[in-house]
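# the following comprises the amino acid sequence and a computationally predicted model.
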Amino acid sequence: MSRSPSYSGGMDTVGAEERAALVALLQVRPQGLPWGEITARVVEVGSALDVWDRLVPPTLVEAPGESSPLEAAAHDISVWTDQGHTVLTVLDDRYPERLREVHQAPPVLFARGSLLPDDTAVSVVGSRAASEHGMEFAASVAKDLVHRKVTVLAGLAAGIDTAAHRAALDAGGRTVAVIGTGINKVYPAANKELHREISARGLLLSQFWPDAPPQKHTFLMRNATMSGYGMATVVVEAGEHSGARTQARMAVEHGRPVILTNMVVRANAWARALVGRPGVHTAGTVDDVSKIVDDLVKRESVLEDDLRRLVSP
C-alpha cells in the first residue's frame, strides 16, 4: 500500500515516520546508493517509507536485540530537535521551494531561525581573502538588497560572505547563511558571534549531519545549495579556483541569473568564459547590481502573476 504524503492546498505534509525513513535511508545507504540517487527515488515515489520497504531487507530491520535503523533515525531526529534544530526533508512543506527545484536539492536540511519557503534571496559571494574594496562593495550590495526587501544569502565564510551578512544585519534586514559544516560547528571560529546572531535574527542552514566537520567537498556542495536557494548570485571578488566560481557555474546550470562584477571578469578566465551566456550579467557599480536585481524581481513577479492566472479557476 502506498504511503505517499497527503497534500493540502498544494502543500505536502510529512509525518515523523516519513522523516525518520529518509534519515535512515541516508544513514544505511542500501545497495551503496549515493544520497543523490536516494533523494531522486524518494521524490519520484513520494514516500521515503515506500522506498525503504523496497530497498532494505527485513533482516536489517528486525535484527534481534538492537534498535532498528528506523528507530535509531527517529531517536537522532529527537536529539537534533532537542538541540534546537528544525529537521526538514525534501518532502516537507517548509523545505525551500526554489531549492526543491534543482537537481542537487539536499535530501535533508538542518535549520535554526525563521524559515520562509518562498524566500526571495540573492547570494553575495566571493573571496575569503578579499580586498578592502571588495568588502565594501559586498556590504553596499547587501544594504541595497535589504532596502529592496530581498534576503541576503551567503555562506558565513571569511571575507565577502562575512561582509554581506554583517551589513544585512546592521541594516535591519534578513540574511540566510548556508554553511559547509554541520549546524553544530562554527567555521571559521572568528564568526562564532555572527553564527549565533544569524540563527537568532535570520536563518542558518546546513545539509550535513549536525556534527560534520569542515571539508573541501562540503563547501563545494554548499555552493550548489546556495545557488539553488537564491533567485540570483552576485560574485563580488573571486580567484581562479574559488568556491564562487563553482557557484557561478552551478547557477548557470540551474538557470539562475549570475551577476559578475567587472573586477571578477578582469581577473578570471572562467568569468570571461561565462560572459555572454544566457542569464549572465556584468556590473561595474553597486547601482548596476541594483538595477539588474530590480529587473529580475520584476520579471519574476510578472511570471508569478501569469502562473496564478493560468491555474486560477
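Looks like it came in fine.
# how long is stretch 94-102 from one end to the other?
One end of stretch 94-102 sits 16 Å from the other (CA to CA, to the nearest Å).
# can you check stretch 273-293 too?
Distance across stretch 273-293, first residue to last, is 22 Å (CA to CA).
# average pLDDT for it?
Averaged across stretch 273-293, pLDDT comes to 97.
# so for that stretch, what gets flagged as buried?
By 16 or more other CB atoms under 10 Å, the buried positions in stretch 273-293 come out as Leu274, Val280, His281, Thr282, Ala283, Val286, Val289, Ser290, Ile292, Val293. The way it works is simple: take the backbone N, C-alpha and C, and place the C-beta from them, glycine included.
# I figured the fifth one hits Met263, correct?
Going back to what we said before, that points to Ala283. No. The pair Ala283 / Met263 is not scored as a contact, 10.0 Å apart, by CB atoms under 8 Å.
# one step back: need the buried residues of stretch 273-293 in CSV (columns: distance to Ala177 and secondary structure).
Converted to CSV, the buried residues of stretch 273-293 look like this (distance: CB to CB, whole Å; DSSP: H, G, I helix; E, B strand; the rest coil):
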residue, distance to Ala177, secondary structure
Leu274, 25, helix
Val280, 25, strand
His281, 24, strand
Thr282, 27, strand
Ala283, 23, strand
Val286, 22, helix
Val289, 20, helix
Ser290, 22, helix
Ile292, 23, helix
Val293, 20, helix
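# report the central residue of the protein.
Thr225 (3.7 Å; CA atoms, centre = their mean).
# correct me, but that residue touches Val108?
No. The criterion here is CB under 8 Å, and Thr225 misses it with Val108 at 11.6 Å.
# now render the buried residues of stretch 273-293 as CSV, adding distance to Gly239.
Listed next are the buried residues of stretch 273-293 as CSV, based on distance: CB to CB, whole Å:
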residue, distance to Gly239
Leu274, 15
Val280, 19
His281, 21
Thr282, 18
Ala283, 19
Val286, 21
Val289, 20
Ser290, 25
Ile292, 23
Val293, 24
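# out of those residues, flag the one nearest to Ala130.
Top of the list for closeness to Ala130, among the buried residues of stretch 273-293 and by CB to CB, is Val286 at 15.4 Å.
# and the gap between the closest residue to the closest one other than its chain neighbours and Val102?
Nearest residue to Val286, sequence neighbours excluded (CB to CB, 6 or more residues apart in numbering): Ser140, at 4.5 Å. Separation of Ser140 from Val102 (CB to CB, to the nearest Å): 29 Å.
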